[in-house]
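J.: Here's my sequence, what's the structure:
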Amino acid sequence: MCTCNRAAPPPEREILPTHLKPLHYDLTFHPDFETFKFKGKAVIDLKIQDSSVHYVELNTLELFDFEATVGKDHVKPLKIESIKETQRTRFHFPAELFTSTDDVLRLNVNYNGILNDNMAGFYRSKYKDALTGEEKYMVSTQFEATDARRAFPCFDEPNLKAKFTITLISDKKFVQLSNMDVASEVIENDLKTTKFNTTPLMSTYLVAFVIGEFVGVPSKYEYRIPVTTWTIPGTEKSAQYSADFTAKCLEFFEKTFDIKYPLPKMDSALIKEFSAGAMENYGLITYRDTALMLDLENSTLDEQIRVSEVVAHEVSHQWFGNLATMDWWSCLYLNESGATFWSWFCCNHFKPEWKVWEHFVTDSLQAALTLDGLRSSHQVEVDVNKADEINQIFDAISYSKGGSLLRMMANWLGEETFVQGVANYLREFSYKNAVTEDLWNHLGKQSGKPVPEIMSVWTKKVGYPIVTVEESGDKTLKLTQHRFLKTGDVKPEDDTTIYPIIPFLKTAADKIDKDTVLYERENTLEIPNSDFYKINGNQAGFFLTCYPESRYAKLGTQAHLLSVEDRAGLIGELESISAAGHTSTSNFLGLLRNWKSESSPAVWGQMLSSLAAVKTAWLFEDDKTTTALRKFTADLISDKLNELGWEIKESDDFELKSLKISLFSSSVNAKVDKYIQIGLDQFAKYAQGDSSAIDPLHKDIVFNAVAVDGKAENFDKLLAIYKKNDKDKINALKALSRFENDEIIPKIISFLLDESVIAPQDIYIPMANMRTSKKGVLALWDWIQNNWSEIEKRFPPSLNMLSYIVKISTSGFTSTDRIGEIEEFFSTKNCSGFDRALAQSIDSIKSKAQWVERDAPVVADFLKEHKYL
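T.: Below is the predicted model of the structure:
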């Protein structure tokens with residue numbers, strides 16, 4: 001456990017006094033694109049709830065030069081106090097102004113602020129004009145979770161909803177956007193003043209406005225209100241898909257919940273520097289480039305899926321979070337798990353050929369199980385009190401575990417019942433705030449099942465169980481549950497929770513028991529016979545299963561009785577329980593060999609991902625062993641790749657394309673000469689100007705082949721492509737950071753804080769790819785130690801980016817020897833804002849270390865037995 005220099009957390013939430021309640025904000029913003037400052041004016045109508053308190057206290061951060069008055073007589077404050085530590089400003093007024101409870105007080109505040117470059121609050125983004133190459137700026141907002149206070153004095157808490165009227169003033173050449181449609185527009189002396197219509201009741205974190213040289217791309221899909229994607233001139237073609245898909249998603253969710261989207265328009269805006277993937281601001285969703293822009297003719301399958309999923313996620317937030325909002329950040333998952341689940345639900349409707357629920361098991365479910373399997377995980381409903389704690393829970397627990405629990409409910413209750421229960425919840429809490437029990441109560445009422453009783457444990461308790469199966473005779477199973485930790489060192493104090501388990505017992509390919517719930521630590525289940533059964537059918541539950549060794553051998557031969565979700569889930573389970581020591585890693589590796597003929601891209605994806613976890617844990621072992629693991633990977637995929645071929649044909653369906661791409665990519669990563677040479681040949685032509693030399697679906701693989709080959713001259717060519725070609729930028733950046741040459745790694749390291757090369761929003765991309773090699777792990781650790789002051793300055797704790805940077809820079813190690821070194825370095829640092837991520841990194845190192853220490857001989861024996869070592 002890292003001993004960071006951090007004060008004990010406050011005993012209660014940092015919330016504002018409750019004697020006033022905001023009703024309406026009238027806000028005016030005038031940014032200066034030369035000085036990067038802005039002038040602001042806030043007129044706030046406040047309902048007096050306790051007339052005995054004679055001040056107005058608001059959240060403020062990096063705002064200054066306050067001039068305030070109250071009421072028609074413009075009474076000035078007796079005193080203004082700004083308290084930096086609590087991010088508040090208190091305006092003291094004469095007592096006679098607070099005459100009666102339920103009166104409305106009007107506060108006027110003029111102030112100045114900073115258009116920062118930290119991607120938080122009201123900030124500036126630098127970019128190059130797509131047509132002229134000229135350097136330009138746009139300004140935009142990012143307020144979630146607690147950064148509205150950087151733009152205007154406010155009650156910056158999600159349950160203090162109000163209405164907002166926004167006015168923007170700027171040079172007339174700029175497009176101005178906000179949550180609502182335009183009420184009026186006046187141009188005078190080259191300045192444009194745009195007033196927007198008043199919003200419905202909403203939280204401060206959802207307020208948004210954008211000013212810049214944008215061009216609008218309207219949806220071609222007909223919908224009852226205008227739907228537009230706003231991008232920079234010259235990139236309109238890549239904005240059409242998101243505009244159309246946004247309109248489709250709006251219509252889909254309206255029909256699904258029978259609740260109309262209440263705003264008169266929907267805008268999406270490309271923000272060139274953006275810390276998150278996207279932000280669901282009511283009526284004005286903001287995105288980073290890779291989550292919004294998509295050229296269907298020149299994109300990979302992963303890029304197509306990502307844009308679709310992110311757009312669906314943000315649109316679903318218009319109901320989950322915007323319409324019905326969590327009461328406090330401890331219930332963040334009500335927003336994020338809902339949006340996670342419904343984005344997959346929506347994509348499955350529009351793209352059934354993608355089979356997204358199969359990939360949910362290998363993506364969201366596995367991400368959640370991985371993080372929640374660490375001692376440093378947290379409850380879904382976690383108590384957070386202050387800003388730097390809130391920002392740390394935007395993670396796989398709030399998103400993916402919450403989404404997985406909703407999927408579990410949907411499977412248990414049935415889809416129709418589940419959807420209706422959720423719709424009833426949304427109706428009751430429209431324009432209001434909700435807590436966890438509100439959703440569970442509606443699902444319980446709709447289904448008649450004990451949803452609150454079951455789900456309160458899953459959301460209020462950390463972790464999940466491993467269920468150990470004992471076979472007693474031919475028809476009886478004894479199931480015992482204990483807390484699962486990937487470090488394998490569960491202590492009695494870790495194992496006090498009994499999780500209500502829906503076992504989803506599968507006894508035939510098409511027969512799953514969805515009625516049974518297990519409430520005890522030890523339970524028995526009856527089965528027709530022992531020929532075939534599987535616990536957690538279709539991987540619908542949130543737990544792991546450990547079978548007797550003989551059952552693994554049997555399941556390995558019964559793939560035809562297992563769904564894709566079953567097979568992928570079984571692979572993921574074996575990886576996790578092998579890492580924790582519940583079974584031998586040889587069982588896991590043996591199952592991979594048995595399923596070499598697998599045809600599902602989802603299962604192959606999990607096979608290769610789980611095998612990569614072994615290679616990551618063994619990263620610092622001797623070269624002979626790491627080479628043998630690569631040989632095993634190459635052998636594992638060779639038969640299927642030879643059978644299918646690597647080239648994409650016009651007649652290939654989505655699944656076949658996906659599988660070919662996965663196998664081709666893995667062959668390059670496994671350093672198979674044949675496929676590296678294919679990549680090098682195509683890259684040589686592409687670098688010489690033949691844009692048709694590489695199939696767009698293979699672009700990332702070809703670039704990666706260049707990195708695996710490692711020639712310095714190709715690094716320079718790839719760097720030139722990265723700098724000149726926006727459509728190749730991210731794929732090129734990933735490949736550049738996978739070079740392992742001693743001469744090249746320092747170049748990549750030098751780019752990390754060089755904003756002329758790598759935009760701050762993209763810093764995690766090269767870092768994550770560097771972490772895949774031993775040299776990269778070592779270089780990143782040296783870098784963060786040598787550059788900590790600058791890193792901390794550029795990425796303040798209010799940005800989740802700092803957590804990512806710390807985690808990526810430390811988690812690549814595989815030996816406990818490094819843990820002391822990491823703890824010593826951070827012991828003198830203020831870790832508030834990333835202490836949770838650091839603890840998770842250390843737990844991850846411990847997990848890998850004990851796995852290697854315990855099973856290194858087992859893995860070596862397996863590799864020798866099959867002639868890889």
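J.: How far off centre is the lengthiest helix in the chain?
T.: When the chain is parsed with DSSP state H, its longest helix is helix 835-865. In terms of Cα atoms, centre = their mean, to the nearest Å, the centre of helix 835-865 is found 25 Å from the chain centre.
J.: How about stretch 555-567?
T.: Distance, stretch centre to chain centre, for stretch 555-567: 30 Å (Cα atoms, centre = their mean).
J.: Name the surrounding residues that touch it.
T.: With Cβ atoms under 8 Å, 6 or more residues apart in numbering as the test, stretch 555-567 has contacts from 355, 357-358, 361, 506, 508-509, 532, 534, 537-540, 547, 570, 590-591, 594-595, 598, 600, 602-603. Bear in mind the C-beta positions are built from the backbone N, C-alpha and C, glycine included.
J.: For the residues you listed, which PyMOL command selects only the ones that are buried?
T.: The PyMOL command for the buried members of the contacts of stretch 555-567 (criterion: 16 or more other Cβ atoms under 10 Å) is given here:
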select buried, resi 355+357+358+361+506+532+534+537+538+539+540+547+570+590+591+595+598+600+602+603
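J.: Which of the contacts of stretch 555-567 fall within helices?
T.: Judged by DSSP H, the contacts of stretch 555-567 include 357, 358, 570, 590, 591, 594, 602, 603 as members of helices.
J.: correct me, but the third one touches residue 588?
T.: No: applying Cβ atoms under 8 Å as the test, residue 570 and residue 588 come out as separate, 9.7 Å apart.
J.: Now do the domain split for the chain, please.
T.: What automatic domain parsing lists as the domains of the chain is 22-213, 324-460, 465-498+503-539+543-587, 633-865.
J.: Make TSV from those and add distance to residue 230 and mean pLDDT to it.
T.: Shown next, in TSV, are those (distance: least, Cβ to Cβ, whole Å; pLDDT from 0 to 100):
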stretch	distance to residue 230	mean pLDDT
domain 22-213	6	96
domain 324-460	22	95
domain 465-498+503-539+543-587	39	95
domain 633-865	17	95
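J.: Identify, out of those domains, the most deeply packed stretch.
T.: Stretch with highest mean neighbour count among the domains of the chain: domain 324-460 (a mean of 21; mean count of other Cβ atoms under 10 Å).
J.: Centre of the chain to it, how far?
T.: That offset, for domain 324-460, works out to 14 Å (Cα atoms, centre = their mean).
J.: Contact partners for residue 640?
T.: By Cβ under 8 Å, 6+ apart, residue 640 lies in contact with 596, 597, 598, 599, 604, 659, 663.
J.: which one of those residues is nearest residue 218?
T.: The closest of the contacts of residue 640 to residue 218 turns out to be residue 659 (Cβ to Cβ; 36.8 Å).
J.: Next up, the contacts around the residue lying closest to residue 762 once chain neighbours are set aside.
T.: Leaving aside its chain neighbours, residue 762 sits nearest to residue 733 (6.6 Å; criterion: Cβ to Cβ, 6 or more residues apart in numbering). For residue 733, the contact set (Cβ under 8 Å, 6+ apart) comprises 722, 758, 762, 765, 766.
J.: Can you say which helix or strand has the first one in it?
T.: Translated: residue 722. Using DSSP states H and E, residue 722 falls within helix 712-724.
J.: What of the second one?
T.: Under the criterion DSSP H and E, no helix or strand holds residue 758.
J.: Spatially nearest residue to it (excluding sequence neighbours)?
T.: Leaving aside its sequence neighbours, residue 758 sits nearest to residue 751 (Cβ to Cβ, 6+ apart; 5.1 Å).
J.: what do you get for the fourth one?
T.: Of all residues beyond its chain neighbours, the one nearest residue 765 is residue 733 (5.4 Å), with distances taken as Cβ to Cβ, 6+ apart.
J.: roughly how far apart are that neighbour and residue 767?
T.: To residue 767, residue 733 is 11 Å away according to Cβ to Cβ, to the nearest Å.
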